[in-house]
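Student: Kindly generate the corresponding structure for this input.
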Amino acid sequence: MPTVLITGCSSGFGLETAKLFVERGWTVIATMRKPGADILPPADNLTILPLDVTDPASIASAMDKAGDIDVLVNNAGFGAAVPIELIEPDTARQLFETNTLGTLAMLQAVLPKFRERRAGTIINVTSTATLKPLPLVSVYRASKAAVNALTESLAVEMEPFGVRVHIVLPGRSPETSFGNNAMPHLRGLDNADYKPLIEGMIANFRDGGGPVTHAIDVAEAVWRAATDPAAPLRIPAGEDAVQWMAEAG
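Tutor: Purely as a prediction, here's the structure:
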C-alpha cells in the first residue's frame, strides 16, 4: 500500500486524517512535535515520529526514519487572533516560521525524490480564512495565503514531473485546538476600542451553530486529494468551506 506522511497529528485535522488513512489500509507516518503513546491507537501500518517543521535537524531525522513516501500532507500549523496594531513581532514570526516556512521546508525535503521518481502527491492544508478579509486573524491569514500562492506555483512546476499538488481549505471548526492555541497570543481585551470586536470573534468561534467544518471533513478531503488523480487543485473541506469557496468564485 502507499505511504503517507502527515505533519501535525497530535490533534484536530491531522489526528483525524491519520486515523482515516490507517483504517483504509495505507502505511501512515504520523508526525508531531511531542509524540504521545495514547494519541493514536497502535496499528501495524502506523509509525509515529517526532517532527518540528521549524527545525531542520528534526525534519532530516524524521525523513530519514520515514524512508520513501508517496504522499506528503502538510497540516502542522497554529493560529493567533490579534489586531494588527497589537500583534507581538515574535508571534508574527512564529506564524510564518511554522505555517509558511515550515511547509516550505517539508516540501524541499520530499520534492527531490518525487521529481526523480516522476511520482508523488503534495497536499497542503491551509484555511478558508484566506478567501476573504477577516478581522483579528490578519497575520495568520497572511501566513496561510502565502502557502496558497506557494502551492499554486508548485503545481505548475511539478506538472511536467508527474507530481500532483493540492490545497485543502477547511472552514471554522470548533472541534480543533485552534482556539485554545490562539488564546495565549490574544491581545486587546483591555483596549476599549478592540474589546467588542475580540469578544464577538471569540463568541462566534465557540458557537457550534450554523455550517462548520468537522475534522472528518478535512480527512475526507485529504483522502480525495491523495487518491483521485482528477481532484482539483483547491478542495474545500466542510459545509461552510464549500459555501465560502463558492462565494469567492
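
Student: What pLDDT does the model give residue 185?
Tutor: Per-residue confidence (pLDDT) for residue 185: 67.

Student: likewise the one 10 residues further on?
Tutor: Here the pLDDT value assigned to residue 195 is 88.

Student: Going forward, count from 360.
Tutor: I'll keep to 360 as the first residue from here, and by that count the last item is residue 554.

Student: can you pull the contacts of it?
Tutor: Neighbour list for residue 554: 547-548 [criterion: CB atoms under 8 Å, 6 or more residues apart in numbering]. Using the backbone N, CA and C atoms, a C-beta is placed for each residue, glycine as well.

Student: if we go to 6 Å?
Tutor: With contact set as CB atoms under 6 Å, 6 or more residues apart in numbering, residue 554 has these partners: residue 548.

Student: how near is it to residue 419?
Tutor: Going from residue 554 to residue 419 by CB to CB, to the nearest Å gives 45 Å.

Student: next one: stretch 424-431 to chain centre, how far?
Tutor: With CA atoms, centre = their mean, to the nearest Å as the basis, stretch 424-431 stands 18 Å off its chain's centre.

Student: what's the first-to-last distance across it?
Tutor: 15 Å (CA to CA, to the nearest Å).

Student: in it, what counts as buried?
Tutor: In terms of neighbour count (16 or more other CB atoms under 10 Å), stretch 424-431 has its buried residues at 425, 428-431.

Student: ok, of these, which one's closest to residue 596?
Tutor: Using CB to CB, residue 430 comes nearest to residue 596 of the buried residues of stretch 424-431, at 16.3 Å.

Student: Let me know whether the closest one touches residue 478 as I believe.
Tutor: No. Taking contacts as CB atoms under 6 Å, residue 430 lies outside contact range of residue 478: 10.3 Å.

Student: With just CA atoms, put stretch 371-390 into PDB.
Tutor: Taking Å, rounded to 0.1, in the frame of the first residue of the first chain, the C-alpha atoms of stretch 371-390 are listed here in PDB:
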ATOM      1  CA  GLY A 371      -7.600  18.000  15.200                       C
ATOM      2  CA  PHE A 372      -7.400  17.700  11.400                       C
ATOM      3  CA  GLY A 373      -4.000  15.800  11.400                       C
ATOM      4  CA  LEU A 374      -5.100  13.300  14.000                       C
ATOM      5  CA  GLU A 375      -8.400  12.500  12.200                       C
ATOM      6  CA  THR A 376      -6.600  12.300   8.900                       C
ATOM      7  CA  ALA A 377      -4.000   9.800  10.300                       C
ATOM      8  CA  LYS A 378      -6.800   7.700  11.700                       C
ATOM      9  CA  LEU A 379      -8.700   7.600   8.400                       C
ATOM     10  CA  PHE A 380      -5.600   6.600   6.300                       C
ATOM     11  CA  VAL A 381      -4.700   3.900   8.900                       C
ATOM     12  CA  GLU A 382      -8.300   2.500   8.800                       C
ATOM     13  CA  ARG A 383      -8.200   2.400   5.000                       C
ATOM     14  CA  GLY A 384      -5.000   0.400   4.900                       C
ATOM     15  CA  TRP A 385      -2.300   2.900   4.000                       C
ATOM     16  CA  THR A 386       1.100   2.900   5.600                       C
ATOM     17  CA  VAL A 387       0.900   6.000   7.800                       C
ATOM     18  CA  ILE A 388       3.800   8.100   9.200                       C
ATOM     19  CA  ALA A 389       2.100  10.400  11.700                       C
ATOM     20  CA  THR A 390       4.300  13.100  13.000                       C
END
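
Student: list the contacts for residue 572?
Tutor: By CB under 6 Å, 6+ apart, residue 572 lies in contact with 529-530, 532, 596-597, 600.
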